[in-house]
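S.K.: build me a model from this:
(one chain, ligands or ions: 1)
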Amino acid sequence: MSQLKDELISKLNNKTAKLGVVGLGYVGLPLAVEKAKAGYDVIGFDVQDKKVKMVNEGHNYIGDVVDTDLAKLVKEGKLKATTDFSFVKDVDTVSISVPTPLDVYKQPDLSYVVNSTKSVAKYIHRGMLIVLESTTYPGTTEEVLKPILEESGLKCGKDFFLAFSPERVDPGNKKYKTKNTPKVVGGCTPECTEVAATLYRSVLQNDVFPVSSPAIAEMEKILENTFRNINIGLINEMAVLCNRMNIDIWEVIEAAKTKPYGFMPFYPGPGLGGHCIPLDPFYLSWKAKEYDFHTKLIEASGDINDSMPSFVVDNAMKLLNKYEKKAMNGAKVLLLGVAYKNDIDDMRESPALKVIEHLEANGADLMINDPFIPKFKHKDKEYNTVDWKEVIDDSDIVIITTNHSCYDYEEIVKRAKLVYDTRNATKDVKNNRNKIHKL
Ligand SMILES: NC(=O)c1ccc[n+]([C@@H]2O[C@H](COP(=O)([O-])OP(=O)(O)OC[C@H]3O[C@@H](n4cnc5c(N)ncnc54)[C@H](O)[C@@H]3O)[C@@H](O)[C@H]2O)c1
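M.R.: Numbering: from 1, shown residues only. Reported below is the predicted structural model:
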């Protein structure tokens, strides 16, 4: 193995290795672009013809990728995309960044990981490195990927290298991008770790932190996201209590934040969204049951976070009742923001979708705006968003579900009759503050 290792490391060091990226989504496309920018020839694999076509035409579809970077790399032939996995034969490394959702029973759905690994396994060759980047429960790399790849007859650690390296990208983050976020790498053997660490060191400007096994790397990623999930659950619970006690949770957090150590601010909201924080801890809960272990904090936090959309709608009803003498049934409600967080177009698991469901169930006459999402589909229903400036004067209540920074909050508050702000988006509004009611 050490000869294969030396060969691959030398190809990585002189950038003659050809790199593959499987799954060209929020994680995979930025990664493919960084690899190509570092000087490698990169092939991106995806099952969606549309994405492959867009990449090959130099058209970007991910917010964190610079349009001109992608167009230039494609034009120079450094980056291409395909749905044909036989090109795996031509690459020295493959990183897999496909979805890891939950099924309807909140159990891990590893079908994307399994299918993509099978596609790679058909064309695996000696000396190749495979890295899983999708977030998953500890054990996936060795228990799920390794046996599929070894069906080829090649042995992990002897004929090919296998590692897990979690992706930590935070879409929309202005400071930390794929290139400058430190990477953790855990291989099935020390040689696997060494090769994978060499790959990331050659591409990213940040530190690479090797750990002793894929399971450590898998668990550390779930720890990061569970930490966020539970702290958001805690602050949402505090927000519900503060609401009952008539205490402003946002001011409480600002005050707590002044402590220079031992406190880290988290903010409440209409629920928890995105493809990661609401889902990943449940990968761990599921795995924990194999060990007769119940992850109580994860379940409790899940309960609290899942209850937030209905809490928001209950409060909106109370506000309408108190200030407009109206029932929700038939009230004109303008909802601002469908994305799960500000300044991005991703609405996966967005709590705004649950808020919409509750509003519709209560008979609201709903108008929706999101500058990043002109139209969308949710539970087989098509929604077209409206221009808020055209409808706001007619609304009975405005509910802010996403704090996009492009909204003119001063104008919104001025023209709305009543504003229910679940994100503290209106904190800097100067006038008409009596119309604002916060979560
Ligand atoms: N989005 C994030 O902010 C983020 C951050 C950190 C980690 N992650 C993790 O990274 C992984 C990918 O997430 P994402 O947000 O990039 O998902 P995504 O849905 O944006 O992209 C996944 C891509 O994989 C493709 N795909 C699905 N099955 C495939 C197959 N069999 N072969 C090839 N391609 C296939 C899809 O067509 C899609 O383009 C998930 O495990 C997620 O938890 C995501």
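S.K.: mind jotting down where the strands sit in the stretch 251-400 of the chain?
M.R.: 332-336, 365-369, 375-378, 381-384, 397-400 (DSSP state E, counting those that start in this stretch).
S.K.: quick one: buried residues of the helix or strand just after the last one?
M.R.: This means strand 397-400. Using DSSP states H and E, the helix or strand that follows strand 397-400 towards the C-terminus is helix 409-415. Within helix 409-415, the residues scored as buried using 16 or more other Cβ atoms under 10 Å are 409, 412-413, 415. From N, CA and C alone the C-beta is placed, and that goes for glycine too.
S.K.: just stretch 345-365 next, same as before
M.R.: 345-359, 362, 364-365.
S.K.: near the ligand, which residues of the stretch 151-300 of the chain? Just list them.
M.R.: 167-169, 171, 275-276 (Cβ under 6 Å from any ligand atom).
S.K.: neighbour-wise, which one of the residues you listed leads?
M.R.: Within those, most neighbours by other Cβ atoms under 10 Å means residue 276, with 26 neighbours.
S.K.: please name the nearest non-neighbouring residue to the closest residue to the ligand within the stretch 1-150 of the chain.
M.R.: Ranked by Cβ to the nearest ligand atom, the top residue of the stretch 1-150 of the chain for proximity to the ligand is residue 25, at 1.8 Å. Closest residue to residue 25 apart from its sequence neighbours, by Cβ to Cβ, 6 or more residues apart in numbering: residue 97 at 6.8 Å.
S.K.: what's around the one you found, how many residues?
M.R.: The burial count for residue 97: 27, using other Cβ under 10 Å.
S.K.: cool, the one 3 residues further on as well?
M.R.: Counted by other Cβ under 10 Å, the residues lying close to residue 100 total 22.
S.K.: what helix or strand is it on?
M.R.: Going by DSSP H and E, residue 100 is not in any helix or strand.
S.K.: follow-up on the earlier one: ok, the buried residues of helix 409-415 vs the ligand, which is closest?
M.R.: The closest of the buried residues of helix 409-415, once distances to the ligand are taken by Cβ to the nearest ligand atom, is residue 409, at 26.1 Å.
S.K.: need the contact list for that closest one.
M.R.: 425-426, 428-429 (Cβ atoms under 8 Å, 6 or more residues apart in numbering).
S.K.: nearest to the ligand, out of these: which one, please.
M.R.: Nearest member of the contacts of residue 409 to the ligand, counting by Cβ to the nearest ligand atom, is residue 425, at 21.6 Å.
S.K.: isn't the closest one right up against residue 407?
M.R.: Yes: under the criterion of Cβ atoms under 8 Å, residue 425 makes contact with residue 407 at 7.0 Å.
S.K.: shared neighbours of those two, anything?
M.R.: Contacts common to residue 425 and residue 407, judged by Cβ under 8 Å, 6+ apart, are residue 400.
S.K.: same drill for those two, tell me which one is more crowded.
M.R.: Using other Cβ under 10 Å as the criterion, residue 425 and residue 407 rank with residue 425 on top: 23 against 19.
S.K.: please name the nearest non-neighbouring residue to that one.
M.R.: residue 403 (3.7 Å).
S.K.: relative to residue 106, how far out is that neighbour?
M.R.: 28 Å (Cβ to Cβ, to the nearest Å).
S.K.: who's more crowded, these two?
M.R.: residue 403 (22 against 14).
S.K.: just read off the phi/psi values of the more buried one.
M.R.: phi -90, psi 60 (degrees, to the nearest 10).
S.K.: next up, the contacts around it.
M.R.: Neighbouring residues of residue 403 by Cβ under 8 Å, 6+ apart: 337, 342, 423-425.
S.K.: would you check how far apart it and residue 337 are?
M.R.: If you measure residue 403 against residue 337 using Cβ to Cβ, the figure is 7 Å.
S.K.: what are the ranges of the helices in the stretch 301-439 of the chain?
M.R.: 351-361, 388-391, 409-415 (DSSP state H, counting those that start in this stretch).
S.K.: who does the longest one touch, helix- and strand-wise?
M.R.: Helices and strands in packing contact with helix 351-361 are listed as helix 296-319, strand 332-336, strand 365-369, strand 375-378; criterion 3 or more Cβ pairs under 8 Å, 6 or more residues apart in numbering; DSSP states H and E.
S.K.: around residue 238, how many other residues sit close by?
M.R.: Residue 238 has 17 neighbours, counted by other Cβ under 10 Å.
S.K.: which SS state does it fall under?
M.R.: Secondary structure, DSSP: H, G, I helix; E, B strand; the rest coil: residue 238 is helix.
S.K.: contact partners for the closest residue to it other than its chain neighbours?
M.R.: Sequence neighbours aside, residue 249 is the residue nearest to residue 238 in space, at 6.0 Å (criterion: Cβ to Cβ, 6+ apart). Contact partners of residue 249, counting by Cβ under 8 Å, 6+ apart, are 235, 238-239, 242-243, 268, 438-439.
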